[in-house]
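Chemist: Please work out how this folds:
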Amino acid sequence: MDFPVITTNLLLFFTLLLFLHYPNSCLSSLILPLKAKLIQSPAVTAPNKLSFHHNVTLTVALAVGSPPQQVTMVLDTGSELSWLNCKKTPTTPSSFAPHLSTSYRPIPCSSPTCTTKTRDFTLPVSCDPNKLCHAILSYADASSVEGNLASDTYRFDNSVTLPGMVFGCMDSGSSSNPEEDAKTTGLIGMNRGSLSLVSQMGSRQFSYCISGTDSSGVLLFGEANLPWLKPLNYTPMIQISTPLPYFDRVAYTVQLEGIRVAGTVLPLPKSIFEPDHTGAGQTMVDSGTQFTFLLGPVYTSLKNEFLRQTKGILRPLGDPNFVFQGAMDLCYRVELTRAVLPQLPSVNLLFRGVEMSVAGEKLLYKVPGLTRGSDSVYCFTFGNSDLLGVEAYVIGHHHQQNMWVEFDLARSRVGLAEVRCDLASQRLGLPP
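Modeler: Okay, the predicted model is just below:
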């Protein structure tokens, strides 16, 4: 699920660990050591290399089609259908050319893929004048893409080939952040829907680990049998079989039960964190969103407690008209000369069976290029879902840094463990 993001001109590429459990593949594991490098344009020069990038978004680089065309796609656990820009425009310079691929196959309206596997799409598919399956995808930041369903071959490396992957070949759309979107060719849907990449691969488990200090990291499909990884604590996925208007049935939904700031648990009833009769109020773990968003009453309680505990430590911005990303209205002034933030109270998200600690630099985000006098502006990395018009709690990837996050579909649970993600390459014995 794509929420507002901050623009950056830098792509930081990760070391990748990829385990593939694919029905027609004899390959059990693949480790690709990639050094961090700076990319000044959307072009990916290393052929057939899978990359894992995090900054504003998480992205992977792969090849699609025959012969292979290099693409860069946002990794999104909040979306189902993967898609590629199939029409090159000034706002989408990175695109996939289906007419150049001999393995490209459009999907007709009569196909079972179109008639039955699209049932969890937010908007129903339709039939275009050529009787091809047509889809419109819309996102929480008001962006959208539109085009036809098709299939083609994905190549993560010369030795890893996934034929017949279904995706959207999009030829139109609107973007809330065209500069950032211009850096990628599309999106990889990773939720539990029938047409997500995870479902099509037949993988019942995947994990990722995002560094908070440098450009290293790990993405893993399959079971994480790593001797250095401490035991994970698990929280069950919440599933509601009855269709409800505001409940996403194929999202990775967990149960948030409370929030603690330092030693103070917010005085809120557990019921405020539970989905209501319409499905509003679910908690989603979403790699396609940068920060974490809470429903209004919970956000207000957290904001007030954080303000109380940081009084005399941080200086509030004092501008009621400034709202960062449209939903984050707690911001501070920090001296430009200050190299390290003062010690701040941690915020712990209390899930059923596990806690996620947000501490130190993960609590505040420096607004790029914005100063007030001799001060930088930093904003609290929790936002108000109500200001976005989103009826859910959303745990973004910024707060998942230095956490091993495992999505176990076979056991319907999400696992967490704190880990130094920047040391993943060293622990795996990869070259520096």
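Chemist: My impression was that R333 belongs to a strand - is that right?
Modeler: Yes - R333 forms part of a strand when assessed by DSSP: H, G, I helix; E, B strand; the rest coil.
Chemist: Next, count neighbours for V334.
Modeler: Under the neighbour criterion other C-beta atoms under 10 Å, V334 is assigned a count of 19. Where you see a C-beta, it was placed from the backbone N, CA and C, and this is true even at glycine.
Chemist: typo on my end, it should be S66
Modeler: S66 has 16 nearby residues by other C-beta under 10 Å.
Chemist: Help me confirm that it is found in a helix?
Modeler: No - secondary structure of S66 (three-state DSSP): coil, not part of a helix.
Chemist: per-residue confidence for it?
Modeler: At S66, the pLDDT value in this model is 96.
Chemist: Quickly note the distance from it to L330.
Modeler: 51 Å (C-beta to C-beta, to the nearest Å).
Chemist: Repeat that for V298.
Modeler: 14 Å.
Chemist: Give me the more crowded residue out of those two.
Modeler: Using other C-beta under 10 Å, the more surrounded residue of V298 and L330 is L330, with 24 against 21.
Chemist: Setting aside sequence neighbours, what's the nearest residue to the more buried one?
Modeler: F380 (4.0 Å; C-beta to C-beta, 6 or more residues apart in numbering).
Chemist: Got phi/psi on the one you found?
Modeler: phi -60, psi 130 (degrees, to the nearest 10).
Chemist: does it have beta-bridge partners, and which?
Modeler: Beta bridges link F380 to L364 when assigned by DSSP bridges.
Chemist: Chain neighbours aside, what residue packs nearest to the residue most central in space within the chain?
Modeler: Central residue of the chain (C-alpha atoms, centre = their mean): S287, 1.7 Å from the mean position. Spatially, and ignoring its direct neighbours in sequence, S287 is nearest to T77 (4.4 Å; C-beta to C-beta, 6+ apart).
Chemist: For the one you found, the count of nearby residues, please.
Modeler: With other C-beta under 10 Å as criterion, T77 counts 26.
Chemist: Quick one: the strands in the stretch 101-250 of the chain, in order.
Modeler: 105-106, 126-127, 133-138, 144-157, 160-174, 186-189, 205-210, 217-221, 233-236 (DSSP state E, counting those that start in this stretch).
Chemist: Format those strands as JSON lines; extra columns: mean neighbour count, distance to G263 and mean pLDDT.
Modeler: Formatted as JSON lines, the strands of the stretch 101-250 of the chain follow (neighbours: other C-beta atoms under 10 Å; distance: least, C-beta to C-beta, whole Å; pLDDT from 0 to 100):
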{"stretch": "strand 105-106", "mean neighbour count": "15", "distance to G263": "59", "mean pLDDT": "98"}
{"stretch": "strand 126-127", "mean neighbour count": "12", "distance to G263": "55", "mean pLDDT": "96"}
{"stretch": "strand 133-138", "mean neighbour count": "20", "distance to G263": "42", "mean pLDDT": "93"}
{"stretch": "strand 144-157", "mean neighbour count": "21", "distance to G263": "44", "mean pLDDT": "92"}
{"stretch": "strand 160-174", "mean neighbour count": "19", "distance to G263": "46", "mean pLDDT": "90"}
{"stretch": "strand 186-189", "mean neighbour count": "27", "distance to G263": "40", "mean pLDDT": "92"}
{"stretch": "strand 205-210", "mean neighbour count": "24", "distance to G263": "28", "mean pLDDT": "88"}
{"stretch": "strand 217-221", "mean neighbour count": "24", "distance to G263": "32", "mean pLDDT": "76"}
{"stretch": "strand 233-236", "mean neighbour count": "18", "distance to G263": "20", "mean pLDDT": "98"}
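Chemist: Any idea which of these gets closest to F247?
Modeler: When the strands of the stretch 101-250 of the chain are compared for distance to F247 using C-beta to C-beta, the nearest one is strand 233-236, at 16.0 Å.
Chemist: State the paired neighbours of the closest one in the sheet, together with their directions.
Modeler: When DSSP bridges is applied, strand 233-236 pairs with strand 413-418 (antiparallel).
Chemist: and the strand it pairs with, C-alpha only, in PDB?
Modeler: The C-alpha trace of strand 413-418 is given here as PDB (Å, rounded to 0.1, in the frame of the first residue of the first chain):
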ATOM      1  CA  ARG A 413       1.800 -15.400  11.900                       C
ATOM      2  CA  VAL A 414       4.300 -12.600  11.700                       C
ATOM      3  CA  GLY A 415       7.700 -13.000  13.500                       C
ATOM      4  CA  LEU A 416      10.000 -10.300  14.800                       C
ATOM      5  CA  ALA A 417      13.500 -10.200  16.300                       C
ATOM      6  CA  GLU A 418      15.900  -7.400  16.800                       C
END
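Chemist: Could you pull up the contacting residues of G164?
Modeler: 105, 151-153 (C-beta atoms under 8 Å, 6 or more residues apart in numbering).
Chemist: measure the closest residue in space to R427 that isn't next to it in sequence to C209 for me?
Modeler: Nearest non-adjacent residue to R427, counting by C-beta to C-beta, 6+ apart: W228, 4.6 Å away. Here W228 is placed at a distance of 12 Å from C209 (C-beta to C-beta).
Chemist: low-scoring stretches of the protein, by residue?
Modeler: The model of the chain has pLDDT under 70 over residues 1-57, 141-142, 157-159, 174-181, 213-217, 424-426, 428-432.
Chemist: Residues contacting stretch 409-423, please?
Modeler: 192, 198, 203-205, 207, 209-214, 216-218, 229-237, 239, 252, 254, 285, 354, 356-357, 401-408.
Chemist: what about the residue nearest to L330, how many neighbours?
Modeler: 24.
Chemist: do F322 as well
Modeler: 15.
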